[in-house]
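Visitor: Below is the sequence, then the predicted model.
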Amino acid sequence: MQENTDKIKKKQPLLAVKDLKVNYGTFEAVRGVSFSVVAGEIFGLLGPNGAGKTTTLSAIEDLVKPASGSITVLGETVDDKPSIKAQMGVQLQSTSFQPELTVQEIIQLYSGLYGKELSMEDIRGALRSIELEDQAQKHLSELSGGQQQRVSLLITTLHDPAVVLLDEPTTGLDPQSRRQLWKKVEDLRDKGRGIVLTTHSMEEAQAVCDRIAIIDHGQTIASGTPTELIAEYSHDPRVKEVAHGNITLEDVFIGLTGSAIRE
Amino acid sequence: MPVSQLSIFKSLLRSDFTVQWRNKRSPAMASMLALVMLISLKQTAHQSAGPHWYITLLGVSLSIVLTGMGVLGYPTIVARDRDRGVFRRLRTTPANGWTIMLSRLCVQLVVMGGLACIVLAAGALFNQMALTPMQYISTVLASVLCGTVYLAIGQTLVGLIASSDTLNAVGRVIYFSIALAGSIIALGALGKTAASIAEWSPYGTVQSVLQAAMQGAWNSHAWSALGLTLAYTLFFVALGIKWFRWDAKH
């Protein structure tokens, strides 16, 4: 992990977010978030519910317009440019595909949207790679949660994007499906993709992410590698108060964001 | 290599047709409504509308069906997909908003053309309505054109109203207002000024275009109505796509 982190620090960013601010009416959802992601890196955005994680991703995905700040992918500003969107692979919190279409038809549609015409054999091959070859004619709702997430991740990466954005990809998955999904995400990292993900699982973030930013109330309150964060905050009284035994990333997270339940 | 919006449009169109094919219930219900009108209103139209009674009856039946599809059916389906996050997902791809919406509108226009054929066939079958082949062709084309106005109004409604419940309520009000404009105001029940406004409303211009197509009589009034129909279409489509609310939440 440390070796990968050292390599990362020397690389040019694939994605750069600088002083991002997003408002919903008078509510300031994101208040000056900055981070960058390089090739071969998994970057975790952590935060309680309503902290601004999904809004930050939505701004990168060009789904909401920032009030100020800049977002660049491969050095180009993200501003409703199809060429930039073609460099991004997006997995939203919910699967959000048309329920009338079969798995095969959804793959056909999304590959077409990225300018890739896949033959039936190509689609079968892609489904074989996620062990769902025999599910091609089924509707997504007929698949299990884990199978749906595998299809969703396949569609997200069909066009071989430079930057992959995953919003809570493991929510609702059983341990086997989660393990399989993280393996896929690590494979993407090994292929040199830059990955940004949000998760509520601190254990998984600690195990998988190269760097992390903890955000709360729309602001970054801590960032660094999991090891750096634990070392930096292990003596913080807020963290010590909530820790049981060895300090973990979850202790740091709860210490910094508070124990109160967020809606 | 950049992806062309044309190739994106083709992919969307194929998928939207597949979805429409699997949602046949709505057009089937619209056809049934038209058939019921053609059969049940035959006597009334015969007595009140003179020698061209069947043209009036066809015009009214087509208008009611097209209005229902454009103002009630189409916005409901689009709002449902918006609530499901379908548009949000599509917007993360290189497809731009116009391409996404135009694909859906094209599918609806094809469905409207099909419905017009069914209504005309039913009219010929049940009411012995005799039109020339040219009149049949021009009526189907006019129906598609007129359908665009109602779709465009529907696009504006769903584009500007994020809440599905509000959309449903407003859609019904607009639908009945259009029907009212056609059936009461246009007949002069609320005075000449109101009748004149109704005549140049989207409903009135659509009626004029449909009747001109069915009678094969394109006078200056019909051409003006056609021009205004196109203007209404462009205005409402631009309004409904440019300011379309892609997300029901924000």
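Guide: It's in. Numbering: from 1, shown residues only, chains lettered A, B, ... in the order given.
Visitor: hey, C-alpha coordinates of the worst-scoring helix or strand of chain B on mean pLDDT in PDB?
Guide: Lowest on mean pLDDT, DSSP states H and E among the helices and strands of chain B sits helix B:42-48, with a mean of 77. C-alpha atoms of helix B:42-48 as PDB (Å, rounded to 0.1, in the frame of the first residue of the first chain):
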ATOM      1  CA  LYS B  42     -72.000   8.500 -35.000                       C
ATOM      2  CA  GLN B  43     -75.700   9.400 -34.700                       C
ATOM      3  CA  THR B  44     -75.000  12.700 -33.000                       C
ATOM      4  CA  ALA B  45     -72.400  13.800 -35.500                       C
ATOM      5  CA  HIS B  46     -74.700  12.700 -38.400                       C
ATOM      6  CA  GLN B  47     -77.500  15.000 -37.100                       C
ATOM      7  CA  SER B  48     -75.500  18.000 -36.200                       C
END
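Visitor: Compute the mean per-residue pLDDT across whatever helix or strand comes next after that helix, please.
Guide: Remark: after helix B:42-48, the chain's next helix or strand is helix B:53-67, criterion DSSP states H and E. Averaging pLDDT along helix B:53-67 yields 83.
Visitor: ok, back up a step: identify each buried residue in the least confident helix or strand of chain B, please.
Guide: Under the neighbour-count criterion of 16 or more other C-beta atoms under 10 Å in any protein chain shown, helix B:42-48 has B:42, B:45 buried. To be clear about C-beta, it is placed using only N, CA and C from the backbone, and glycine gets the same treatment.
Visitor: And it, what does it pack against?
Guide: Where contact means 3 or more C-beta pairs under 8 Å, 6 or more residues apart in numbering or on different chains; DSSP states H and E, helix B:42-48 is packed against helix B:53-67.
Visitor: Could you list every helix and strand in contact with the helix it packs on?
Guide: Checked by 3+ C-beta pairs under 8 Å, 6+ apart, helix B:53-67 has helix B:25-40, helix B:42-48, helix B:97-127, helix B:133-160, helix B:164-180, helix B:202-215 packed alongside it.
Visitor: And the closest residue to chain B within chain A, how far from residue B:99?
Guide: Residue nearest to chain B within chain A (C-beta to the nearest C-beta): residue A:112, separated by 2.7 Å. Separation of residue A:112 from residue B:99 (C-beta to C-beta, to the nearest Å): 12 Å.
Visitor: tell me which parts of chain B are close to chain A?
Guide: Contact residues, chain B versus chain A (C-beta under 8 Å from any C-beta of the partner chain): B:1-5, B:7-8, B:10-12, B:14-15, B:18-19, B:22-23, B:81, B:84-86, B:88-96, B:246-247, B:250.
Visitor: So among the residues you listed, which ones count as buried?
Guide: B:3, B:5, B:7-8, B:11-12, B:15, B:18-19, B:81, B:84-86, B:88-96, B:246.
Visitor: where does the residue nearest the centre of chain B land on pLDDT?
Guide: Among the residues of chain B, the one closest to the centroid is residue B:147, at 2.9 Å (C-alpha atoms, centre = their mean). With respect to pLDDT, residue B:147 scores 89.
Visitor: In space, what's closest to it - neighbours in sequence excluded?
Guide: Of all residues not flanking residue B:147 in the chain, residue B:112 sits nearest, at 3.7 Å (C-beta to C-beta, 6 or more residues apart in numbering or on different chains).
Visitor: same deal with residue B:33?
Guide: Nearest residue to residue B:33, sequence neighbours excluded (C-beta to C-beta, 6+ apart): residue B:65, at 6.2 Å.
Visitor: now residue B:87
Guide: residue B:246 (5.0 Å).
Visitor: show me what contacts whichever residue of chain B sits closest to chain A?
Guide: For chain B, the residue closest to chain A is residue B:11, as judged by C-beta to the nearest C-beta, at 2.7 Å. Residues near residue B:11 by C-beta atoms under 8 Å, 6 or more residues apart in numbering or on different chains: A:108-109, A:112-113.
Visitor: please redo it, this time with the cut-off set to 6 Å
Guide: A:109, A:112-113 (C-beta atoms under 6 Å, 6 or more residues apart in numbering or on different chains).
Visitor: Tell me if I am right that residue A:196 is in a helix.
Guide: No: with DSSP: H, G, I helix; E, B strand; the rest coil as the criterion, residue A:196 is strand rather than part of a helix.
Visitor: Next, count neighbours for it.
Guide: As a burial measure, residue A:196 scores 26 neighbours (other C-beta atoms under 10 Å in any protein chain shown).
Visitor: Contacts only, for it.
Guide: By C-beta under 6 Å, 6+ apart, residue A:196 lies in contact with A:37, A:43, A:165.
Visitor: just residue A:36 next, same as before
Guide: By C-beta under 6 Å, 6+ apart, residue A:36 lies in contact with A:13, A:16.
Visitor: now it, what's its secondary structure?
Guide: strand.
Visitor: Mind listing the residues bridging to it?
Guide: Judged by DSSP bridges, the bridge partners of residue A:36 are residue A:16.
Visitor: still on that earlier bit, among the residues of chain B next to chain A, which lie within strands?
Guide: Per DSSP state E, strands hold no members of these.
Visitor: Give me the nearest residue to the residue nearest the centre of chain A, chain neighbours excluded.
Guide: Nearest residue to the geometric centre of chain A (C-alpha atoms, centre = their mean): residue A:197, 1.9 Å. Closest residue to residue A:197 in three dimensions, ignoring its sequence neighbours and counting by C-beta to C-beta, 6+ apart: residue A:166, at 4.1 Å.
Visitor: pLDDT-wise, which helix or strand of chain A ranks last?
Guide: That would be, for chain A by mean pLDDT, DSSP H and E, helix A:2-10 at a mean of 56.
Visitor: still on that earlier bit, and residue A:112 and residue B:99? Which one has more around it.
Guide: Higher neighbour count among residue A:112 and residue B:99: residue A:112, with 23 against 20, using other C-beta under 10 Å.
Visitor: what's around residue 39, how many residues?
Guide: All of this is about chain A. Around residue A:39 there are 17 residues (other C-beta under 10 Å).
Visitor: look at chain B instead
Guide: Using other C-beta under 10 Å, residue B:39 has 12 other residues around it.
Visitor: Repeat that for residue B:135.
Guide: By the criterion of other C-beta under 10 Å, residue B:135 has 18 neighbours.
Visitor: what does the stretch 101-250 of chain A put close to chain B?
Guide: Within reach of chain B by C-beta under 6 Å from any C-beta of the partner chain, the stretch 101-250 of chain A has these residues: A:109, A:112-113, A:115.
Visitor: Looking at those, which are in strands?
Guide: Using DSSP E, none of those sit in strands.
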